Each structure stands twice: as C-alpha cells, then as structure tokens.
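J.: Sharing a model prediction with you, sequence too.
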Amino acid sequence: MVAAGLLLAVACRPCHAETYQSYQQTGMGRSVSAVAPASIAGGSFFNAASDRHYAILRRGGAWFVRRHQAGFERAIDNVVEKQVHYVIGSGNHARSYVHRSGQGRLLELPVSWYPAEKRWAMSPGYDRPSHPDFRREISAECLFCHAASPERIEPIDCQRCHGPGEAHARAPARANIVNPARLDARRQLEICLQCHLETTSRTLPHAIRRYDRPLFSYRPGERLEDYVLHFDHAAGRGYDDKFEINHAGYRLMKSRCFERSGASMTCTTCHDPHRVPRAAEAARRYNGACRTCHAAAIAGHASQPNCVSCHMPKRRAEDAMHMVMTDHFIQRRPVEPARRPFESESDYRGPVEPYYPPRPADRLYAAVAQVKDFSNLEAGIPMLEKAIAEAQPPQAEFYFDLAEAYWRTGRADRAMELYEEVIRRQPGFARAWHNLGEVLLRRGEAQRAIAVLENAPRDAEIWNTLGVAYGQTGRLQDSARLLSRAVEANPDLPSAWLNLGVAREQSGDAVAAEAAFRAAIRLQPDLVYAHQYLANLLRVIGRAEEAEYHARRAAHAGQR
C-alpha cells in the first residue's frame, strides 16, 4: 500500500499531528511492535495440560521464552528457548509474542501476557495437551489484521482505512485519498469489517479471500465481497450463540439495533478510530449513541444509566479463556451464551452457509467453503466438481481444494489427477507438488514419488518427503543428504528430524540417530513415533530403563 520509505510518521504527521498523536493510543495504533526491554515482565508457570514448564526471562537486553519438561529420572529435558522479537496486541486484553527465526520465518510463541489477570498463561488455542508450541508459523494472512504489511512489522497505519497515501502526501488533494465519512454507511462499515468480522476462529472456514485477489489488495470504498466472502456454521447446529474473541462485528450484526438501522449503523456510530475516550468521557460517548434512538426508554432509567454495562456486558471469550471482552450483541435482556469446550480441530460436520454478504455466495466459493476445512465433504465434493466444470476457473486454488477433499476421503486417484492439474496451471505451487509426492508414497510408489519431487520447487517439506522416498528405495546416502537439507532449511520441523533419525539408524550411525530422534521430541514432545523409534534404539544399545521410559511416553501421547 505504501511506497518504500514513505512511512506513516513522515507522510501523515506533518499535516495531521493531533490525529496522528491520538491514534497512537488506540488499539490499532498499538497492534504490533518490536520488543522494548521494559515492555515485558519476567515470570514462569507450569502448563498441566501439556506437562510443560515455561519461563519468560531476560538476558542482556533481550527477552526469551524457555520451555522444559521433567525427563528420564526427572532430569531437565526437552529445553527450547527462543528470543522474543515482536509483540502482537495492544495490551488492552492480551499481548502475544513472536520470534523471527534465522531463516526469516515468524513463529508465534506459546505464552501470552493477560493484563486483566496480571499473569502469564498459554496463548489462545494452546491450553490443551497437544499444541503447536514453538512451531506455529505466522503467515502473511495472520499478520493482515495486526501489521501494516508483511514487509513492515509495524502497527496498522492510516492507509488501512484511507487507502494508499503516496499520491496524497505528494499532492494533498481530496481526490488523492479516501475519506470514509464521504462513503455510504455500508462501505464505511466494511472498512472495519475487513479485520473485525470473523464468524469463528474454529476451522470452518470463516472467510475465503477471492483467489484472484492479493492479500493486501483491498481498498477502502470497494465492496468487501469483491475481496473476501464470509461463511458461518449452519443455523440450528449448536453454534448460533457462540461468543469468540474477534466477534465485535459478528455479534453487532446480530443485534436488532443493527438490523433496524436501515444499514445506517456502523462501528463509528460508537467508536472513533482516531482516539479512545476514557472513563467519564467514554460513558458519555457510548451512552450518547444509545440516546439517539432510545431517549424515551433511557428517560425511565436512573439519572445516569450506563447502557453498555447492562445491554453489552463483558464476557469471557470461548476461544481465549483468559480474556474478557465486550459482547457487541446488543440485547434488551442479555443472556450469557452457553460456553462450550473449544476444539483445536473443528468437530463440526455440516453445511457451511454464506454469512456476508447474506445472499448466496458465488457458487464456486460456496462449494469451496464446504470442503476447504473438511466440514461438509459428502455434499461439498460434488458441488465443487460441478461448479468447476461449469465455470472453468483459471485459478489453481480451486483444483487444489478439490484435490485435498478427495485425498481426505481416500480417493487417491482423483486427488492425483487434480494435483497434477494444479501443477500444470501453477508450477510454483509447492504444496501441490508435496502432496502429490505424499499420495504416491502412501500408495507404495516411491519411484514415482521421486520422479515427481526431484522436479519440484525447493522447499523443506518437499525435501523431507523426497528424503523418505530415497530411503524407501535403499538410497540411504541420498536420503540423509536431503533430510539434512530439510532440517537446515527449517530446524523446527519435527518430522524431518524424525526421518533423519531413521536414515541415520539405517546407515548404522546410532549416535547421530539418537540425536535426531531427541531433536524431534524436543520440538514436539508428544510425537509418538519419535518416542517409539528412540525407545527401540535405546533397547538395541542396552539402555533398557530409558527405553521403557520413552515407550511409556509414546503410549501416553498416543492416548491423548
């Protein structure tokens, strides 16, 4: 959105100093930042669900998150330590932390700070027996609502709401910038909804960005549906009253106030995106918004009623157990939504319905929504087959989604045809190459997998699978070489370390094999196969008690 070097402070501050200064105190103005030494408080805690100890500690001028477990004979084991490079979140409700790896990947750290509780705890989605720990890569899509751009890990800036600012900075004319106030109410609302509309954080999917639209291509003033389509659980399936962390827009749009406003109610009816009122000023602003329609009803209340505290109460989010948020579902007599355990992988199996826009979505994307997260495969596969046949879309992603659905349902032949079609349409589509190789391996066709993957893009996952294929055909030296390359490219890939251990053991190098198995367990302590292979190796080399310990760990992890 912004030309290189044309930063927010340089471009906007000279003419809009007061607005710029107040914006820095908003949640958007503090959405992400580099770590300052004084911005973190040290601490430690034990996560019983995953049997892991975490510590947040300072060394020199840097902060680190450290994890360990009690291992064989209660020795400290499985130590992982990563530096904190970025903070995500304004701190109003939580702060999560990010590590930048030596390879440039951004990894979400498993612990967060919760100001309301004044304590460290697991990040949202991590407080369970099996979680991604230090391995969860933050994609550009994850950064969209927190950072100015993938290249600039800086807070959301003016351009997110006002559009590209370079032309306006050089020639400050109205025609060179978007003023949301001059848009109709629906387009104003959609500027906020680009980040603040999430129907669920469960796997569903909640939204699908159109495959011909780059991630940061939305421009304020255009129809949001031309950029992204939103979906939801089908009504009557037990999810009608869910309440999650990013539900401000979703819950507001359920409100009768919103429905009866004639599309005139927007987020800015109550909120000023440039500043955040506090205390008495905040109460006056929010209650004043209610009075515009409900003056007579308010007159019958106490002298200075606080509408929000009664009709938009704060509640604990289902997907973030340590966070209490304002419920934007405005109700005459609010009823606490029923809490349900939050799953890491959705157990929802049913139709996925269009949510925004509320009319039926584009047929192709409506079909994709059924299969993308495997919610409605039985009905979704024929829907997507038919939609692709009719529309003949050029984008490879449609064929990839269908291939994934067929593979999930055991139709390997059809899945392979579609992966090949994806590669034909988009030769750099690494996941299609990788998954085609995986299907061939699982069918016992290692030589065909090698023929495919030797021509694939360079990628740690592809090298990992190719290394396994080499091993299955007896090319142990090539297998170890490719698997070593995979762990160099991505040292946080447990399966590559596990496979490297197998290759080293098959080559007779027990010491290197043990080290690789332990590296896999250190990265993923509940990796069943790594414990099993290590147990077998330890038995062979005469360390029976330690072998039994890892066999028990494998059995325990397999029961979770």
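T.: Nice, I can see it.
J.: in a strand, that's where residue 355 is, yeah?
T.: Yes - Residue 355 forms part of a strand when assessed by DSSP: H, G, I helix; E, B strand; the rest coil.
J.: Test my guess that it contacts residue 232.
T.: Yes - in this structure, residue 355 is within contact of residue 232 by Cβ atoms under 8 Å, at 4.0 Å. Bear in mind the C-beta positions are built from the backbone N, C-alpha and C, glycine included.
J.: what do the two both touch?
T.: By the contact definition Cβ atoms under 8 Å, 6 or more residues apart in numbering, residue 355 and residue 232 are jointly contacted by residue 199.
J.: quick one: residue 478 and residue 470 touch, right?
T.: Yes - Residue 478 lies in contact with residue 470 (Cβ under 8 Å); the separation is 4.3 Å.
J.: What's the local residue count around residue 240?
T.: Neighbour count of residue 240, defined by other Cβ atoms under 10 Å: 12.
J.: Contacts only, for it.
T.: Counted by Cβ under 8 Å, 6+ apart, residue 240 has contacts residue 233.
J.: Any stretches of the stretch 201-350 of the chain with poor pLDDT?
T.: 302-304, 340-346 (pLDDT under 70).
J.: where do the helices sit along it?
T.: 248-252, 256-259, 279-299, 307-311 (DSSP state H, counting those that start in this stretch).
J.: I'd like these laid out as a markdown table, including distance to residue 411.
T.: Below are those laid out as a markdown table (distance: least, Cβ to Cβ, whole Å):
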| stretch | distance to residue 411 |
| --- | --- |
| helix 248-252 | 35 |
| helix 256-259 | 43 |
| helix 279-299 | 54 |
| helix 307-311 | 51 |
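J.: Point out the most buried one among these.
T.: Of all the helices of the stretch 201-350 of the chain, helix 248-252 has the most neighbours on average by mean count of other Cβ atoms under 10 Å, namely a mean of 23.
J.: Any chance you could list what contacts that one?
T.: By Cβ under 8 Å, 6+ apart, helix 248-252 touches 192-193, 196-199, 243-244, 258, 265, 267, 325-330.
J.: Could you do stretch 361-371 as well?
T.: 204-205, 208, 210, 229, 231, 351-352, 354, 360, 375-377, 379-381, 383-384, 386-388, 390-391, 393, 398, 401-402, 404-405.
J.: list the buried ones in it?
T.: 361, 364, 365, 366, 367, 368, 369, 370, 371 (16 or more other Cβ atoms under 10 Å).
J.: Please identify which helix or strand holds the fourth one.
T.: For residue 366, the host element (DSSP states H and E) is helix 363-371.
J.: Can you show me the CA trace of that helix as CSV?
T.: Taking C-alpha atoms only, helix 363-371 is exported to CSV below (Å, rounded to 0.1, in the frame of the first residue of the first chain):
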residue,chain,number,x,y,z
ARG,A,363,-21.3,-20.7,-6.5
LEU,A,364,-17.6,-21.7,-6.7
TYR,A,365,-16.7,-20.2,-3.4
ALA,A,366,-19.9,-21.5,-1.7
ALA,A,367,-18.7,-25.0,-2.8
VAL,A,368,-15.1,-24.4,-1.7
ALA,A,369,-16.4,-23.4,1.8
GLN,A,370,-17.9,-26.9,2.2
VAL,A,371,-14.6,-28.7,1.6
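J.: Other residues contacting the helix or strand just after that helix?
T.: Counting by DSSP H and E, the next helix or strand C-terminal to helix 363-371 is helix 377-391. Helix 377-391 is contacted by residues 351-352, 363-364, 366-371, 398-399, 401-402, 405-406, 408-409 when judged by Cβ under 8 Å, 6+ apart.
J.: mind running it again at 6 Å?
T.: The contact list for helix 377-391, computed with Cβ atoms under 6 Å, 6 or more residues apart in numbering, reads 363, 364, 367, 370, 371, 398, 402, 405, 409.
J.: Likewise for stretch 314-325?
T.: 93-94, 114, 117, 121, 124, 201, 243-245, 326-327, 339, 342.
J.: list the buried ones in that stretch?
T.: Buried, per 16+ other Cβ under 10 Å, within stretch 314-325: 315, 317, 318, 319, 320, 321, 322, 323, 324, 325.
J.: and which of the residues you listed is nearest to residue 59?
T.: Minimum distance to residue 59 across the buried residues of stretch 314-325 is 26.5 Å, recorded for residue 322 (Cβ to Cβ).
J.: what's the distance between the residue lying closest to the closest one once chain neighbours are set aside and residue 319?
T.: Leaving aside its sequence neighbours, residue 322 sits nearest to residue 114 (Cβ to Cβ, 6 or more residues apart in numbering; 4.4 Å). Per Cβ to Cβ, to the nearest Å, residue 114 is found 14 Å from residue 319.
J.: contacting residues around residue 117?
T.: Residue 117 sits in contact with residue 322, where contact means Cβ under 6 Å, 6+ apart.
J.: meant to ask about residue 522, not that
T.: residue 78.
J.: ok, so what distance separates it from residue 232?
T.: Taken as Cβ to Cβ, the span from residue 522 to residue 232 is 40 Å.
J.: repeat for residue 497
T.: For residue 497, the distance to residue 232 - Cβ to Cβ - is 39 Å.
J.: hang on, the earlier thing: give me the mean pLDDT for the helix holding residue 366.
T.: Averaged across helix 363-371, pLDDT comes to 97.
J.: With stretch 17-26 instead?
T.: pLDDT averaged over stretch 17-26 gives 93.
J.: Name the next helix or strand downstream of the helix or strand containing residue 470, please.
T.: Secondary structure from DSSP H and E places residue 470 in helix 460-472. Note on helix 460-472: by DSSP H and E, the next helix or strand toward the C-terminus is helix 476-489.
J.: can I get the CA coordinates of that following helix in CSV?
T.: In CSV, the C-alpha atoms belonging to helix 476-489 read as follows (Å, rounded to 0.1, in the frame of the first residue of the first chain):
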residue,chain,number,x,y,z
LEU,A,476,20.3,-44.1,2.2
GLN,A,477,23.1,-41.6,1.4
ASP,A,478,20.7,-39.5,-0.7
SER,A,479,18.0,-39.8,1.9
ALA,A,480,20.3,-38.5,4.7
ARG,A,481,21.5,-35.7,2.4
LEU,A,482,18.0,-34.5,1.6
LEU,A,483,16.8,-34.8,5.2
SER,A,484,19.8,-32.9,6.4
ARG,A,485,18.9,-30.2,3.9
ALA,A,486,15.3,-30.1,5.1
VAL,A,487,16.3,-29.5,8.8
GLU,A,488,18.8,-26.8,7.7
ALA,A,489,16.0,-25.1,5.8
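J.: Can you point out the buried residues in it?
T.: Across helix 476-489, burial judged by 16+ other Cβ under 10 Å covers 476, 478, 479, 480, 482, 483, 484, 485, 486, 487, 489.
J.: with those residues in mind, which one is nearest to residue 310?
T.: residue 489 (55.4 Å).
J.: residues in contact with the residue nearest to residue 322?
T.: 94, 121, 322.
J.: Residue 511 versus the last one, what's the distance?
T.: Okay, so that is residue 322. For residue 322 relative to residue 511 (Cβ to Cβ), the value is 43 Å.
J.: Residue 355 too?
T.: Taking Cβ to Cβ, one finds residue 355 at 56 Å from residue 511.
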